[in-house]
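Undergrad: need the 3D shape of this:
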Amino acid sequence: MRARRARGIIRRMRKIKCLVTAGPTREYFDPVRFISNPSTGKMGWNIARAAAEAGWETSLVLGPSQLGDPDGVRVSRVVSALDMLEECERLFDACDMLIMSAAVSDVRPAERLARKASKSRIDLNPRLERTPDILKTLSQKKGGRILVGFAAQTHDVAEYARKKLEEKNLDCIAANSVASAEYGFASDKNKIELIMRSGETVGFAPADEYSLAKKLVEFLGRRFFG
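TA: Model (predicted):
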């Protein structure tokens, strides 16, 4: 009993090292045209902010965004999915928890032109290829780390999230519907359900993204490091 209590005290004293990803990626056809999505990065940005405020040692890998650097957070700014993967791989070994909230583009042009194509010469049937699966790649060297995913979907959200949870060896995943303008991309409010590996579902009431991020960080801290 004393040994277990001592280990618990040590875990609480040690600063949790958290790696967060946020924002979209951009996959360029040429220097000015790209594939992307409407993500602003605000949810992940607020998670990183809340984690730092909770005393965690926090790194944020942020895709193209107008957001500044949260206080107390080490920020790496990236553009493409490959950039994000490479930066996450660099930081992953030192983290205790990865919270993968970035909205990474699933595909990229197979060829990137060095110069802007004129309008008349734009390829209307460009060949695409898949971008690297960042979370799945990192999960292959998971070790004792806690992996938290996000599943943004317009339909069948819980079903999609559970599938992703299993495929990517996650400890939990935030099921996040983006079908509604009220809670979709670029909204200041959000709502999530956290699906645990055990099958338990933890609901979070709709809230502004900072308040929701604080509640999520508090829950993750208690569940995995309390």
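Undergrad: just give me the longest helix of this protein.
TA: Of all the segments of type helix in the chain, defined by DSSP state H, the longest one is helix 209-225.
Undergrad: show me which positions of that one end up buried.
TA: 209-214, 216-217, 220-221, 224 (16 or more other C-beta atoms under 10 Å). To be clear about C-beta, it is placed using only N, CA and C from the backbone, and glycine gets the same treatment.
Undergrad: just checking, what packs against that helix?
TA: Applying 3 or more C-beta pairs under 8 Å, 6 or more residues apart in numbering; DSSP states H and E, one finds that helix 209-225 contacts helix 42-53, strand 97-100, strand 146-153, strand 189-190.
Undergrad: residue 73 is nearest to which of those?
TA: helix 42-53 (4.8 Å; C-beta to C-beta).
Undergrad: quick one: contacts of the closest one?
TA: 16, 18, 20-23, 58-60, 62, 65, 67, 70-73, 75, 99, 101-102, 150, 186, 188, 190, 209-210, 212-214, 216-217 (C-beta atoms under 8 Å, 6 or more residues apart in numbering).
Undergrad: beyond that helix, next helix or strand please.
TA: strand 57-62 (DSSP states H and E).
Undergrad: each with direction, which strands does that next one pair with?
TA: strand 17-22 (parallel), strand 73-77 (parallel) (DSSP bridges).
Undergrad: name the SS class of residue 187, please.
TA: Here residue 187 is recorded as coil under DSSP: H, G, I helix; E, B strand; the rest coil.
Undergrad: what's the burial count for it?
TA: 17 (other C-beta atoms under 10 Å).
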